[in-house]
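1. Requesting a structural model of the entry that follows:
(chains A and B)
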Amino acid sequence: MSSLAETKAAVVEEFSMFDEWLDKYEYLIELGKSLEVFPVELKTDDRLIKGCQSRVWLDTRVQDGILRFRADSDAIITKGIISLLIRVYDGRSAAEIAADNFDFVEKIGLRENLSPTRANGLNSMIETIRKEAERNV
Amino acid sequence: MDIHQIRSQFPQLGEKVYGRQLVYLDNAATSLRPVQVVEKWDEMSLRHNSNLHRAVHKTAVDATEEYESTRAAVAAFIGAAEPAEIIFTSGTTQSCNLLASCLENGGFFREGDEILICGSEHHSNIVPWQMVAGRKGLKIKVLPVDDRGEIRISELPALLSGRTRLCAVAQVSNVLGIINPIPEIARICHANGTLLFVDGAQGIPHLATDVRQLGCDFYAFSGHKMYAAPGTGILYGRRELLEAFPPYMGGGEMIESVSWEKTTYAPIPRRFEAGTQNISGVPTLRPAMEMCKLLESREISAGSDKIRTFLLDFFASRPDITLYGNPADPARKLPIFSITVEGAHHEDLALILDKMGIATRSGQMCAEPLMDRFGVTGMLRASFAPYNTMEEAVYFTECLQKAIDMLK
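-> I've put the predicted structure just below:
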């Protein structure tokens, strides 16, 4: 498994290939479509992330201090963003995630291009992942 | 004036976003502002800035004159009997809250009374009434809309009882864009002794409105949706009703005299205008109302009608698109189009359209009960103003198609 820093760098590198935001969306849509199927019985209110315009469910499991994330959304671009977050943070230790600064989100321009709209609740997703990590350190 | 001359007065129409020409289709949220409005704000801020009513100096007199002459112009614009029936507020939401508060504190409601609210209302015309209902033990009843989004007017008489004190309904829903049959609702309500409050926030930018022809007792609207400065709004009420109201907030200009023993209050409308008013913003309502009148011209409204027909036809031709607010008589439809697309989430559509330069709105549009009524979590809304063009409407449909293709 690549290190956290390597995975983040790889994501930033992939996004830098697209000049146009529409192409980045196209990529996020593809990622969203290929996200692992989320069991419907996990779509419960306590897994809903608040502050998103679309519904986003995040399920967290802890195995020996390692966090495993699964998630879903009814909006596909949001699902693509989640899939990025999962790719970067799934399978890492709570301590490593809690200590991270989530800077790749800025580097690929996600925050400035998505967050001001309040639409996808990017901050809420990040905060939820961070809190889950802090809780399990 | 033709559409291009009109458009040149709204500089933001020339803005670019992400290197693309901005196509602004979020007018139901807030309209763009013409230079005349901004110039008036500038003039009031840079040349006539003074507080109102009290001071004797020249600039205070000028500022007061601007403010009070705007009140008279608003009264004339909506057909009120006199300027005193016009209360300045910060917007429709404050107008609703002011009305709810004054009715409550004026002893208008007794426990067990009822308020009838239309099922397609904006939260601002729901929540203030729910708050009063909670405090006073009132019952909220809902006047339903049918699958087309039209008010089920035939059910209105049966929904009214001897305890129904007030009916609250929008002239035009911010989601459905249907012109509601206010005169008919007014007639039925008044025959029952029920007062009628009309939320005109979406109606006033599109419809020449006369409150006495509508037959409503109260009418509210916002400046910022009709080209004026944000933070301006109006509550109209018939004099005999307003005169029975207690003050809304205390302080500033709303008093007649203040003593430790007994404070008395100013006559209407100043009784409701406590504190320093929006002295730069209110006068912008005058150039804004002039713009509304300009946009009522035959040429401009013919253009708007063509856009409406084009989009109604486009949505009707698409089995994958559901349009909410589709009246049997298309003449009752304003160019506010809220849709859902099979297999494409409204938020995804809005995000992609944004990157193509098109400003739309997605989500619940401050009308959650209406979303529930139609069984959806949200919609995509494209709301046109009279300054929007057919080219923009066509571009919107092309981009919507591209967005749908990307998502499927």
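2. How much space separates A:Glu13 from A:Glu30?
-> Going from A:Glu13 to A:Glu30 by CB to CB, to the nearest Å gives 17 Å. To be clear about C-beta, it is placed using only N, CA and C from the backbone, and glycine gets the same treatment.
3. Kindly report the same for A:Ala75.
-> Using CB to CB, A:Ala75 is found at 15 Å from A:Glu30.
4. Between those two, point out the one with more neighbours.
-> Using other CB atoms under 10 Å in any protein chain shown as the criterion, A:Ala75 and A:Glu30 rank with A:Ala75 on top: 29 against 13.
5. and A:Pro39, how many neighbours does it have?
-> 11.
6. same deal with the one 3 residues further on?
-> For A:Leu42, the count of nearby residues is 13 (other CB under 10 Å).
7. I'd assumed A:Arg61 was in contact with it.
-> No. A:Leu42 is beyond contact range of A:Arg61, at 10.5 Å (criterion: CB atoms under 8 Å).
8. Common neighbours of these two, please.
-> Counting by CB atoms under 8 Å, 6 or more residues apart in numbering or on different chains, the contacts common to A:Leu42 and A:Arg61 are A:Arg70.
9. In contact with the nearest residue to B:Ala344 once chain neighbours are set aside, which residues?
-> Excluding the flanking residues, the one nearest B:Ala344 by CB to CB, 6 or more residues apart in numbering or on different chains is B:Leu407, at 4.3 Å. B:Leu407 makes contact with A:Ile29, A:Ile76, B:Gly343, B:Ala344, B:His345, B:Asp348, B:Leu349, B:Ile352, according to CB under 8 Å, 6+ apart.
10. Quick check: phi and psi at A:Gln53.
-> Backbone geometry at A:Gln53, expressed as degrees, to the nearest 10, gives phi -70, psi -40.
11. and the next element down the chain from the helix or strand of chain A with the lowest mean pLDDT?
-> Least confident helix or strand of chain A, by mean pLDDT, DSSP states H and E, is helix A:110-114 with a mean of 69. Later in the chain than helix A:110-114, the nearest helix or strand by DSSP states H and E is helix A:122-136.
12. Who are the packing partners of that following helix?
-> Here helix A:122-136 touches strand A:56-63, strand A:66-73, helix A:76-89, helix A:94-99, helix A:110-114, going by 3 or more CB pairs under 8 Å, 6 or more residues apart in numbering or on different chains; DSSP states H and E.
13. Relative to the whole chain's centre, how far out is that helix?
-> Taking CA atoms, centre = their mean, to the nearest Å, the mean C-alpha location of helix A:122-136 is offset from the chain mean by 10 Å.
14. And for stretch B:52-68?
-> The chain centre lies 29 Å from the centre of stretch B:52-68; the measure is CA atoms, centre = their mean.
15. can you pull the buried residues of it?
-> Across stretch B:52-68, burial judged by 16 or more other CB atoms under 10 Å in any protein chain shown covers B:Leu52, B:His53, B:Ala60, B:Ala63, B:Thr64, B:Glu66, B:Tyr67.
16. ok, the closest residue to chain A within the stretch 201-350 of chain B - contacts?
-> Residue nearest to chain A within the stretch 201-350 of chain B: B:His345 (3.9 Å; CB to the nearest CB). The neighbours of B:His345, taking CB under 8 Å, 6+ apart as the test, are A:Ser54, A:Asp74, A:Ala75, A:Ile76, B:Leu407.
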